[in-house]
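Asks: predicted model follows, preceded by the sequence.
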2 protein chains.
Amino acid sequence: MTTQVVCPDFWFAIPSIVLEDCSTLREKTEKIGMIARAAAIFAVAKICVYGVAGKSKDETKFLKLILEYLELPQYLRKRVYPISEDLRFAGLLPPLRIPSHLVAADESKVRVGDIRDGIVIRKDGKLFADVGLRNYVALSGDATSNQRVTVRIESVGNGLSASIIDRSSIGSYWGYSVKAYSSLRELFNSLKPAFAILTSRKGDNIQERWNTLTYRIGGAQNTLVVFGSPKHGLPEILEHERFSPPPNSVILNTIPKQAVETVRTEEAIVATLAILNLART
Amino acid sequence: MTTQVVCPDFWFAIPSIVLEDCSTLREKTEKIGMIARAAAIFAVAKICVYGVAGKSKDETKFLKLILEYLELPQYLRKRVYPISEDLRFAGLLPPLRIPSHLVAADESKVRVGDIRDGIVIRKDGKLFADVGLRNYVALSGDATSNQRVTVRIESVGNGLSASIIDRSSIGSYWGYSVKAYSSLRELFNSLKPAFAILTSRKGDNIQERWNTLTYRIGGAQNTLVVFGSPKHGLPEILEHERFSPPPNSVILNTIPKQAVETVRTEEAIVATLAILNLART
């Protein structure tokens, strides 16, 4: 599969209490699975999890675990994740099948220039990477044991070798990263998004902001889309945190005339990214 | 909750083999649950299930069962559906919470003019309806036992009475109906949609058709959106059925530049309806 270059970057943010409406591990896992799928479909580069002060049900660790588990190519999962109760239902989730997952499994089909994700292994003082092939590949570059890396195959045939590359140099979508922040304020201060869209039923109707929106998304290096939680909408979280979003942000209702009482966060993410995907050229 | 009048009608169609990628009853039930939620969020009036000749895994009956079960107000479910293996996981699904579900549970809060869904009961030669209150309401109008009806409360206080009304007279979204067709051809011939959008990765980029699309949706009494199945896209189904969609239809890719190999049908429905919702004024 070839994926066209997607520019500018899309990031989205979900609160650490986003699982508050789930009662079982299975439900929680499934909700995160849908969120990961939404990120993958729309080539989201970064998923941010932000804390909400004073709320219980903070699930930052679990959210990060499942999101990162799903983003990792299947061939590396056993190496990275020991069997654990938290991952009990993660294997049942629909795979993302993003470009990093769709690489050759057969070593004879690997070509110079192929990009693969791998885990660094140090053996007899030399560096190798497990990239899901029968043999480890010899690795050039600086890395530590067990580090997750993206590599470019440099030679095949008489032993595979590869060099570590920066994901941003790939030029097309490869996968997402996950990062946790203690609050929405810390997220904005640290990430400094070029443009931010906060989603709320109480926001401006996106239809009425469409033209400025496409202009602003097209002109920004990155756009952060922020979602609230099932029981605590963004306006409530903003007020609770006494945080005013910076001037380069808008509050939008992306589902005007919704016919249900509450749109679930995972539904809002798919719906919103589907719309914003059209504003990205 | 007040829901604004939504006009024109949206209908969507899914193939009877849409569950072909599910292996368990639970997975199947959950996929249908997501499809029902999508219909509810975007005030879809009709869900059509179309058969695909020669394909196994036809699940028309099961799809209709779960979709109709979810659309029925919770207070009527026990009366309509005996316990069955097919419904084993249906009770775990997130509720739709559409307007028909959000009515007063307490008889003292019922007012003249309230709209409620009910089931007809014949007792001593007289007609009543179970509308989820402590007492049955006396019913005027013609109906048969066990028929599902929508009623308007006509008097309260000294015994409740109600009259049967046509859902289309409500003037705002109330819920969806489900109808099965033997094929896509029969669906088009029988339903005669004013405008139809067939979704396919191979269709025209929706961005490039946006202006004509809003014009055509706005001018049509109803718009039918057709989806393929996980393993059989719409172009394949059309060719297999030797069916050419009528001239008042377009084939569109609603998720340009998707970064995953396959978008699941339930994801495509949320994404597509979210976009088309903005073209509906």
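Replies: Right, received. Where do you want to start?

Asks: would you agree residue A:275 is in contact with residue B:275?
Replies: Yes: using CB atoms under 8 Å, residue A:275 is in contact with residue B:275, at 5.8 Å. C-beta: built from backbone N, CA, C; applies to glycine.

Asks: what does the stretch 151-281 of chain A put close to chain B?
Replies: Applying CB under 8 Å from any CB of the partner chain, we find that the stretch 151-281 of chain A lies next to chain B at A:173, A:206-207, A:210, A:254-264, A:267, A:270-275, A:277-278.

Asks: can we see that at 7 Å?
Replies: Applying CB under 7 Å from any CB of the partner chain, one finds that the stretch 151-281 of chain A approaches chain B through A:173, A:206-207, A:255-264, A:267, A:270-271, A:274-275, A:277-278.

Asks: go ahead and build a PyMOL selection from the buried members of those residues.
Replies: With 16 or more other CB atoms under 10 Å in any protein chain shown as the criterion, this PyMOL line picks the buried residues out of those:
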select buried, chain A and resi 173+206+207+255+256+257+258+259+260+262+263+264+267+270+271+274+275+277+278
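
Asks: where in chain A is pLDDT low?
Replies: A:1-7, A:281 (pLDDT under 70).

Asks: mind listing the strands for it?
Replies: Counting by DSSP state E, chain A has strands at residues A:9-15, A:46-50, A:115-123, A:126-130, A:137-140, A:148-155, A:161-165, A:177-181, A:195-205, A:222-226, A:249-253.

Asks: now the angle from the last one to strand A:222-226?
Replies: Computed with axes from the mean of the first three to the mean of the last three CA atoms, to 10 degrees, the direction of strand A:249-253 lies at 50 degrees from that of strand A:222-226.

Asks: ok so, going back, need the strands of chain A in TSV (columns: distance to residue B:188 and mean neighbour count).
Replies: TSV is the format used below for the strands of chain A (distance: least, CB to CB, whole Å; neighbours: other CB atoms under 10 Å in any protein chain shown):
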stretch	distance to residue B:188	mean neighbour count
strand A:9-15	37	24
strand A:46-50	41	22
strand A:115-123	45	19
strand A:126-130	53	20
strand A:137-140	54	19
strand A:148-155	48	18
strand A:161-165	51	18
strand A:177-181	45	17
strand A:195-205	33	19
strand A:222-226	37	23
strand A:249-253	34	19
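
Asks: any chance of these in JSON lines, plus distance to residue B:72?
Replies: What follows is these, written out as JSON lines (distance: least, CB to CB, whole Å):
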{"stretch": "strand A:9-15", "distance to residue B:72": "32"}
{"stretch": "strand A:46-50", "distance to residue B:72": "37"}
{"stretch": "strand A:115-123", "distance to residue B:72": "47"}
{"stretch": "strand A:126-130", "distance to residue B:72": "52"}
{"stretch": "strand A:137-140", "distance to residue B:72": "58"}
{"stretch": "strand A:148-155", "distance to residue B:72": "49"}
{"stretch": "strand A:161-165", "distance to residue B:72": "55"}
{"stretch": "strand A:177-181", "distance to residue B:72": "40"}
{"stretch": "strand A:195-205", "distance to residue B:72": "26"}
{"stretch": "strand A:222-226", "distance to residue B:72": "35"}
{"stretch": "strand A:249-253", "distance to residue B:72": "29"}
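
Asks: for these, which one sits closest to residue B:54?
Replies: strand A:115-123 (40.0 Å; CB to CB).

Asks: what strands line up against that closest one, and which way round?
Replies: strand A:126-130 (antiparallel), strand A:148-155 (antiparallel) (DSSP bridges).

Asks: starting at the chain centroid, how far to the first one?
Replies: The chain centroid and the centroid of strand A:126-130 are separated by 26 Å, computed with CA atoms, centre = their mean, to the nearest Å.

Asks: hmm, back to that, dump the strands paired with strand A:115-123 into JSON lines; add distance to residue A:114 as well.
Replies: Output for the strands paired with strand A:115-123, formatted as JSON lines (distance: least, CB to CB, whole Å):
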{"stretch": "strand A:126-130", "distance to residue A:114": "13"}
{"stretch": "strand A:148-155", "distance to residue A:114": "4"}
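
Asks: out of those, which gets nearest to residue B:126?
Replies: That would be strand A:148-155 among those, by CB to CB, at 72.6 Å.

Asks: still on that earlier bit, from the residues of the stretch 151-281 of chain A next to chain B, which land in helices?
Replies: A:267, A:270-271, A:274-275, A:277 (DSSP state H).

Asks: for the strands paired with strand A:115-123, which one sits closest to residue A:196?
Replies: For residue A:196, the closest of these is strand A:148-155, at 27.7 Å, according to CB to CB.

Asks: how far off centre is that closest one?
Replies: 21 Å.

Asks: also stretch A:8-26?
Replies: Using CA atoms, centre = their mean, the offset of stretch A:8-26 from its chain centre is 11 Å.

Asks: next one: stretch A:111-118
Replies: 21 Å.

Asks: got the contact list for that stretch?
Replies: With contact meaning CB atoms under 7 Å, 6 or more residues apart in numbering or on different chains, stretch A:111-118 is reached by A:73, A:76, A:100, A:103, A:129-131, A:148-156, A:170.

Asks: out of the strands paired with strand A:115-123, flag the one nearest residue A:84.
Replies: From the strands paired with strand A:115-123, taking CB to CB, the stretch that ends up closest is strand A:148-155, at 18.1 Å.

Asks: which residue packs closest to residue A:280, ignoring adjacent ones?
Replies: Nearest residue to residue A:280, sequence neighbours excluded (CB to CB, 6 or more residues apart in numbering or on different chains): residue A:217, at 5.8 Å.

Asks: what about the one you found, neighbour count?
Replies: Residue A:217 has 21 neighbours, counted by other CB atoms under 10 Å in any protein chain shown.

Asks: now do the same contact list for it.
Replies: Residue A:217 neighbours (CB under 7 Å, 6+ apart): A:195, A:223, A:276, A:279-280.

Asks: now do 10 Å
Replies: A:8, A:10, A:194-195, A:197, A:223, A:276-281 (CB atoms under 10 Å, 6 or more residues apart in numbering or on different chains).

Asks: go on, residue A:83?
Replies: Residue A:83 touches nothing, counting by CB under 10 Å, 6+ apart.

Asks: and residue A:108, by the same measure?
Replies: For residue A:108, counting by CB under 10 Å, 6+ apart, the contacting residues are A:133-134, A:156-157.

Asks: how far away is residue A:43 from chain B?
Replies: 4 Å (CB to the nearest CB, to the nearest Å).

Asks: shouldn't that residue be in contact with residue A:96?
Replies: No: applying CB atoms under 10 Å, one finds residue A:43 not in contact with residue A:96, separated by 11.2 Å.

Asks: give me the common contacts of the two.
Replies: A:175-176, B:259-260.

Asks: the stretch 1-150 of chain A: helices as residue ranges?
Replies: Under the criterion DSSP state H, counting those that start in this stretch, the stretch 1-150 of chain A contains helices at A:25-41, A:60-71, A:74-80.

Asks: identify each buried residue in the first one, please.
Replies: Read that as helix A:25-41. Result for helix A:25-41 [16+ other CB under 10 Å]: buried residues A:25, A:28-41.

Asks: close to chain B, is that helix?
Replies: Yes: applying CB under 10 Å from any CB of the partner chain, one finds that helix A:25-41 is in contact with chain B at A:26-27, A:30, A:34, A:37-41.

Asks: so which of the residues you listed is the closest to residue B:201?
Replies: residue A:41 (11.7 Å).

Asks: dump the residue contacts of that closest one.
Replies: A:96, A:98, A:269-270, A:273-274, A:277, B:255, B:257-260, B:262-264, B:267-268, B:271.

Asks: then residue A:213?
Replies: A:195, A:197, A:204, A:206-207, A:223, A:250, A:252, A:275-276, A:278-279.

Asks: same thing with residue A:219?
Replies: Per CB under 10 Å, 6+ apart, neighbours of residue A:219: A:8, A:194-195.

Asks: quick check: residues of the stretch 1-150 of chain A near chain B?
Replies: So far as CB under 10 Å from any CB goes, the stretch 1-150 of chain A lies against chain B at A:1, A:3-6, A:21, A:23-24, A:26-27, A:30, A:34, A:37-44, A:92, A:94-99, A:101-102.
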